[in-house]
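Asks: Give me a model of this one.
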Amino acid sequence: MTQKQGLPAGCHRYGNADREPVVLLHSSQSNSSQWRDLITELATDYQVLAIDLLGYGQAPAPQGEVEYFRLQQEAERVTAIIQELAIAQPVHLIGHSYGGALALKLARECPFAVASVAVYEPVAFHVLADPSDARREILTVAGKMNDYSAVDATRAFVDYWNQAGYFDALPARIQQLMSQQAAKVQMDFAALIGEPAALEDYEQITVPCLLLTGRDSPQSAGAVIAALAQVLPNCELHEVAGGHMAPLTDASKVNPHLSSFLKAQTKGN
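Replies: Prediction:
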């Protein structure tokens with residue numbers, strides 16, 4: 001697995017530039033390295049672009065005030081990377097959580113050609129019915145990000161997506177690094193909740209889609225998946241034995257679904 005040099009900041013390219021392109025989009029509080037095992041698996045047969053999203057990894061910091069941040073800023077940057085690298089072939093999008101919601105936005109709006117979409121629990125909270133228990137639940141978590149100190153907000157966020165006590169069990173160095181990203185997580189919530197799209201808008205995504213969900217995930221993530229599965233016209237849905245963070249904690253259970261779906265969409269298969 002070799003990364004190519006001379007790339008835009010926060011963009012990491014692996015594999016053969018002549019092969020079909022796959023773009024990997026990570027979750028909040030993470031970076032493109034969360035896909036290391038999948039990159040190793042895919043780099044032989046694809047051109048893999050693992051992109052650090054704004055404010056994470058080696059990507060630039062986001063611009064503007066927290067409450068006005070939207071997925072459009074992320075989408076414009078990903079599109080600019082595709083254009084700068086002169087990628088003309090349709091792109092396969094793979095995303096997790098925040099990155100999954102971004103992948104679906106890109107597939108819906110098509111600023112570049114998209115071949116397929118595979119997402120693990122895309123947290124497109126704007127599709128949740130208002131009122132609903134799932135929407136109230138995630139708004140409570142988002143409110144803590146705004147009202148608590150950086151450390152307490154990060155603890156609430158991390159424990160919600162994992163389990164109670166998970167944050168406090170992490171090494172102090174990791175706690176500090178994660179807490180430093182609390183402001184970007186606030187922006188991520190603003191983008192996910194404030195995305196100007198309704199559930200029915202996702203009917204526009206006609207390319208093949210894979211929806212993956214975790215058996216032990218929070219209610220909000222499962223509700224988003226269930227809603228999307230009702231409107232995406234060309235999708236398949238699979239459940240994984242794990243939680244919302246399974247692409248990181250249980251990659252061996254998630255990656256086979258992603259790679260087999262991708263292979264089924266690849267030319268010649």
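Asks: Would you list the phi and psi of Ile205?
Replies: For Ile205, the backbone dihedrals (degrees, to the nearest 10) come out as phi -80, psi 100.
Asks: Where does pLDDT dip in the protein?
Replies: 1-5, 267-269 (pLDDT under 70).
Asks: how about the strands in it?
Replies: Counting by DSSP state E, one finds strands in the chain at the ranges 11-15, 21-25, 47-51, 91-96, 114-120, 209-214, 235-240.
Asks: looking at these, which is closest to Ser132?
Replies: Proximity to Ser132 (Cβ to Cβ) singles out strand 209-214 among those, at 17.2 Å. Any C-beta I mention is one placed from the backbone N, CA and C, and that applies to glycine too.
Asks: and the angle from the closest one to strand 235-240?
Replies: Relative orientation of strand 209-214 and strand 235-240, computed by axes from the mean of the first three to the mean of the last three Cα atoms, to 10 degrees: 20 degrees.
Asks: Could you find the closest non-adjacent residue to Val224?
Replies: Ala124 (5.5 Å; Cβ to Cβ, 6 or more residues apart in numbering).
Asks: I misspoke; the intended subject was Leu211.
Replies: In space, Leu211 is closest to Leu237, 4.6 Å off (Cβ to Cβ, 6+ apart).
Asks: Now for that neighbour: which residues touch it?
Replies: Leu237 makes contacts with Leu211, Leu212, Thr213, Ile225, Ala229, as judged by Cβ atoms under 8 Å, 6 or more residues apart in numbering.
Asks: of these, buried ones?
Replies: Neighbour-count burial (16 or more other Cβ atoms under 10 Å) applied to those gives Leu211, Leu212, Thr213, Ile225.
Asks: any chance of those in JSON lines, plus distance to Phe189?
Replies: Shown next, in JSON lines, are these (distance: Cβ to Cβ, whole Å):
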{"residue": "Leu211", "distance to Phe189": "22"}
{"residue": "Leu212", "distance to Phe189": "22"}
{"residue": "Thr213", "distance to Phe189": "20"}
{"residue": "Ile225", "distance to Phe189": "18"}
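Asks: Among these, which one lies nearest to Gly165?
Replies: Thr213 (23.8 Å).
Asks: so what's the residue positioned nearest the centre of the chain closest to, chain neighbours aside?
Replies: Nearest to the mean C-alpha position of the chain, counting by Cα atoms, centre = their mean, stands Gly99 at 1.6 Å. For Gly99, ignoring the flanking residues on the chain, the nearest one in space by Cβ to Cβ, 6+ apart is Leu25 at 3.1 Å.
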